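**Student:** sequence first, predicted model second:
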Amino acid sequence: MLSDGSTGVYFNDSTKIIIDKSGDKFQYIEKKSGDKMDSVREHKLSNYPQERELMKKVTLLQHFRNYLYNENKT
């Protein structure tokens, strides 16, 4: 959990995913081979591309966020 209330995960493949405090929107950040800059895609949790890898990462992000949120409540 980040200081602004958002939650982020850094994956082994060097991609990152950050969901905003409200849990409505997320950013998927990846570095494509040959590019110097990161590629940032923003999506709504209710409507994002149904790419297999992205779906798995969003699911993990949601579980992680729920775990952190519930841990901080106790």
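**Tutor:** Good, I have the coordinates. The structure presented is a predicted model; accordingly, all values stated were derived computationally and were not measured.
**Student:** ok now do the residue nearest to the spatial centre of the chain, which residues does it touch?
**Tutor:** Taking C-alpha atoms, centre = their mean, the centroid of the chain lies closest to residue 17, which sits 2.5 Å from it. Contacts for residue 17 (C-beta atoms under 8 Å, 6 or more residues apart in numbering) come out as 8, 9, 11, 26, 27, 28, 29, 57, 58, 61. To be clear about C-beta, it is placed using only N, CA and C from the backbone, and glycine gets the same treatment.
**Student:** setting aside sequence neighbours, what's the nearest residue to residue 28?
**Tutor:** Sequence neighbours aside, residue 41 is the residue nearest to residue 28 in space, at 4.8 Å (criterion: C-beta to C-beta, 6 or more residues apart in numbering).
**Student:** measure the residue nearest to the centre of the chain to residue 39 for me?
**Tutor:** Distance of residue 17 to residue 39, computed by C-beta to C-beta, to the nearest Å: 13 Å.
**Student:** tell me what the helix or strand of the chain with the lowest mean pLDDT is packed against?
**Tutor:** Lowest by mean pLDDT, DSSP states H and E among the helices and strands of the chain is helix 52-73, with a mean of 90. Contacts defined by 3 or more C-beta pairs under 8 Å, 6 or more residues apart in numbering; DSSP states H and E place helix 52-73 against strand 7-10, strand 16-19, strand 25-30.
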